[in-house]
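# All I have is the shape, not the residue letters:
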């Protein structure tokens, strides 16, 4: 099994025939914390996470650990449940603590609503999240409220790398000018990674492919160079995106 998009670290722990071609959440949570503290000089954070969602709970944990390790503070830690539509009570509590930013490790449906309600409460600081933000719905639901926010993702169409430019151009040509999202480029890389392993194995038997995948090193993926670690997780870069004028903009990348 090779999953292109499952970022929870528990996935590959099930068995040694399970691989992923995406980064894992400990890297994603720590990358956002490091960027906020080192590049944006932030020290105090509030968190608003989905208590019913393992993805959100995990990112909260990894973000918190990195902030504290770097000498920062989590001064508010509030939660909600998937499907909620009113977040003003939690946001009001957060506003009273005066954080530098709010970490919001959820999915686009709630993210858009939370950003709008935060702005309605005159919370003007950035909100930050993970790859669960990567959807047109974030902009449809959040509208202007998501401007000035940041999130980690698997790639940016703005990256100045030949592999990205080639993939984006081919995708737009095939799909009527539509810009590919992260799921598209992750699926593309996963298939090429598997094809490369089969070629190197010289065999289509499961064990041979497994061993070749496990030996993958510096594979030139469209999302970045991919090396499999001992736990069959992809060591690869992550990008930081900022939303401005209703569009994402590449502002940096973090190496594994």
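It's in. Here the structure is a predicted model, which is why all the values come from computation and not from measurement.
# Strands along this structure, start to end?
Using DSSP state E, the strands assigned to the chain run over residues 2-3, 19-20, 44-50, 73-80, 101-103, 127-129, 150-153, 219-221, 224-228, 234-235, 238-244, 247-254.
# residues making contact with the fourth one?
Put plainly, it is strand 73-80. 43-51, 60, 64, 67-68, 87, 90-91, 93-94, 97-99, 110, 114 (C-beta atoms under 8 Å, 6 or more residues apart in numbering). For the C-beta atoms, the positions are set from N, CA and C on the backbone; glycine is no exception.
# Show me which parts of that strand are buried, residue by residue.
Of all the residues in strand 73-80, those buried under the rule 16 or more other C-beta atoms under 10 Å are 74-78, 80.
# Looking at residue 247 now. What's its pLDDT?
Residue 247 is assigned 89 on the pLDDT scale.
# Tell me the bridge partners for it.
Beta-bridge partners of residue 247, counted by DSSP bridges, are residue 244.
# Please parse the chain into its domains.
Using automatic domain parsing, the domain parsing of the chain gives 2-23+158-235, 27-153.
# Compute the first-to-last residue distance for stretch 69-76.
17 Å (C-alpha to C-alpha, to the nearest Å).
# How far does it sit from its chain's centre?
Remark: stretch 69-76 is offset 21 Å from the chain centroid, using C-alpha atoms, centre = their mean, to the nearest Å.
# quick revisit: and the strands of the chain, which one averages the lowest pLDDT?
Ranked by mean pLDDT, the strands of the chain bottom out at strand 247-254, which scores a mean of 90.
# relative orientation of it and strand 238-244 in degrees?
Strand 247-254 runs at 150 degrees relative to strand 238-244, counting by axes from the mean of the first three to the mean of the last three C-alpha atoms, to 10 degrees.
# Strand 247-254 packs against which elements?
With contacts taken as 3 or more C-beta pairs under 8 Å, 6 or more residues apart in numbering; DSSP states H and E, strand 247-254 sits against helix 25-38, strand 238-244.
# can you rerun that using 10 Å?
Secondary-structure packing of strand 247-254 (3 or more C-beta pairs under 10 Å, 6 or more residues apart in numbering; DSSP states H and E): helix 25-38, helix 136-142, strand 150-153, strand 238-244.
# Can you get me a residue count around residue 105?
Using other C-beta atoms under 10 Å, residue 105 is surrounded by 31 other residues.
# Skipping adjacent residues, who's closest to it in space?
residue 59 (3.5 Å; C-beta to C-beta, 6 or more residues apart in numbering).
# Identify the residues contacting that neighbour.
7-8, 25-26, 28-30, 32, 47, 49-50, 53, 103-106, 129-132, 152 (C-beta atoms under 10 Å, 6 or more residues apart in numbering).
# Check the gap between the spatially closest residue to residue 187 that is not a sequence neighbour and residue 158 for me.
Nearest-residue entry for residue 187: residue 4, 5.0 Å, with adjacent residues in sequence omitted and distances by C-beta to C-beta, 6+ apart. Note on residue 4: its distance to residue 158, by C-beta to C-beta, to the nearest Å, is 21 Å.
# The two: which is more packed in?
Higher neighbour count among residue 4 and residue 158: residue 4, with 22 against 15, using other C-beta under 10 Å.
# Relative to residue 177, how far out is that one?
In terms of C-beta to C-beta, residue 4 sits 24 Å off from residue 177.
# Over to the nearest residue in space to residue 54 that is not next to it in sequence: give its phi and psi.
Sequence neighbours aside, residue 8 is the residue nearest to residue 54 in space, at 6.1 Å (criterion: C-beta to C-beta, 6+ apart). Residue 8 adopts backbone torsions of phi -70, psi 130, taken as degrees, to the nearest 10.
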